[in-house]
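S.K.: build me a structure from this.
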Amino acid sequence: MNSLRIIGGQWRRRLVHFSDSAGLRPTPDRVRETLFNWIGQDLSGRACLDLFAGSGALGFEAASRGAARVVMVEKEARVTRVLRENAQRLKMPETVEFVTADALEFAVSCKTPFDVVFADPPYRQGWLDRIAPVLDTLLIAEGSLYAEAEFPLDTLGQWRVTRQGRAGQVYFHLLNMLE
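M.R.: Residues are numbered from 1 along each chain as shown. Presented below is the predicted three-dimensional model:
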């Protein structure tokens, strides 16, 4: 079992475990630190969606920083089970939800928009292009989209990059609605 450390908020320094799974790459500490400097350390009152949950690093960070609601979507049932076990071990509130589903199917059926969406999909499978058409229904107009990719982005659907960085082979981006 692999592990990572939550870097901020109520569960700071607590370990989250995750299983080996094809394409699963937890967002590194340094990148998570930058991301939460961009979107804010306190997410109180905000609804967050971790669309490709995997290790749960981004969703658990959002919950630790006070998000009012966190939904973690993961396609593999065994990975979702480990996410739930982590939440139980940390005694996270019921505001953290776990959904075992295909990310695109979830996105298409989602009726309630989020303030923040984290999109860190498996690489080289075209996921960002597939979810781009439904981002407008997933996010409020003033919301923030975080995307990781194996290449730099300028836009994604109606969303434009406002901040970006690179850590090794990972390009990470903060996007906001085009004006």
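
S.K.: which stretches of this protein form strands?
M.R.: 2-5, 15-18, 47-50, 69-74, 96-100, 114-119, 139-149, 155-156, 159-167, 170-177 (DSSP state E).

S.K.: which of those sits most buried?
M.R.: Of all the strands of the chain, strand 47-50 has the most neighbours on average by mean count of other Cβ atoms under 10 Å, namely a mean of 28. Yep, even glycine has a C-beta here, placed from its N, CA and C like the rest.

S.K.: for that strand, give the mean pLDDT please.
M.R.: Averaging pLDDT along strand 47-50 gives 98.

S.K.: one more: stretch 162-179?
M.R.: Stretch 162-179 comes out with an average pLDDT of 92.

S.K.: could you list the residues in contact with it?
M.R.: 25, 27-28, 30-31, 34-35, 38-39, 139, 141-153, 155-156, 158-161 (Cβ atoms under 8 Å, 6 or more residues apart in numbering).

S.K.: closest one to Asn86 among the strands of the chain?
M.R.: Ranking the strands of the chain by their distance to Asn86 (criterion: Cβ to Cβ) puts strand 15-18 first, at 4.9 Å.

S.K.: contacts for stretch 122-140?
M.R.: The contact list for stretch 122-140 (Cβ under 8 Å, 6+ apart) reads 22-24, 49, 51-52, 103-104, 107-108, 110, 113-117, 119, 121, 145, 147, 149-150, 153, 156-159, 177.

S.K.: using PDB, write down the CA coordinates of the helix-or-strand element of the chain with minimal mean pLDDT.
M.R.: Lowest on mean pLDDT, DSSP states H and E among the helices and strands of the chain sits strand 15-18, with a mean of 84. In PDB, the C-alpha atoms belonging to strand 15-18 read as follows (Å, rounded to 0.1, in the frame of the first residue of the first chain):
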ATOM      1  CA  LEU A  15      -1.400   9.900   5.900                       C
ATOM      2  CA  VAL A  16      -3.700   8.700   3.200                       C
ATOM      3  CA  HIS A  17      -3.100   5.300   1.700                       C
ATOM      4  CA  PHE A  18      -3.800   4.300  -1.900                       C
END
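
S.K.: so in the chain, which helix runs the longest?
M.R.: Assignment by DSSP state H gives helix 77-90 as the longest helix of the chain.

S.K.: what helices and strands are in contact with it?
M.R.: strand 15-18, helix 57-64, strand 69-74, strand 96-100 (3 or more Cβ pairs under 8 Å, 6 or more residues apart in numbering; DSSP states H and E).

S.K.: which of these sits closest to Glu85?
M.R.: That would be strand 15-18 among the helices and strands packed on helix 77-90, by Cβ to Cβ, at 7.6 Å.
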